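> Okay, sequence plus prediction incoming.
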Amino acid sequence: MTKVLVVVNDRKTVGQYPELLHRHGYEVESVEGYTDAVSRMEEGVFDVVVTDASADGKRVLESVVDDYAVTPCIIVSSMPNVRDSV
């Protein structure tokens, strides 16, 4: 089973993802913020990390890239277009 870490920095953007992913058969762990995300990643192995485009989300992405390079990180945004999201 695919193990997903969902980092909830902005409930509006990613708050619904843990339940949605679980319903589709993924093993999901949810944490709030950068500090909890890094602690949890140090404790376990995840197949993918999902976070938002907030400042904390970008720090999570940097941590995944620097320390867990083989783990994909998906950044989601509530912005209406790509230019505002990136």
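It's in.
> So which bits of stretch 19-27 are buried?
21, 26 (16 or more other C-beta atoms under 10 Å). (Glycine included, C-beta is placed from N, CA and C.)
> now it: how far from the chain's centre is it?
Distance of stretch 19-27 from its chain centroid, counting by C-alpha atoms, centre = their mean, to the nearest Å, is 14 Å.
> first to last residue in it, what's the distance?
10 Å (C-alpha to C-alpha, to the nearest Å).
> and Y68, how many neighbours?
One way to gauge burial is a neighbour count; for Y68, by other C-beta atoms under 10 Å, it gives 15.
> Residues contacting the lengthiest helix in the chain, please?
In terms of residue count, the longest helix belonging to the chain (DSSP state H) is helix 55-67. Contacting residues not belonging to helix 55-67 are listed as 7, 9-10, 33-34, 37-38, 41, 49, 51, 71, 73, 75 [C-beta atoms under 8 Å, 6 or more residues apart in numbering].
> how far is stretch 30-50 from where the chain is centred?
On the basis of C-alpha atoms, centre = their mean, stretch 30-50 sits 8 Å off its chain's mean C-alpha point.
> Counting by contacts, list what the next helix or strand after the longest helix of the chain packs against.
Scanning forward in sequence from helix 55-67 by DSSP states H and E, the next helix or strand is strand 73-76. For strand 73-76, the packing partners by 3 or more C-beta pairs under 8 Å, 6 or more residues apart in numbering; DSSP states H and E come out as strand 48-52, helix 55-67.
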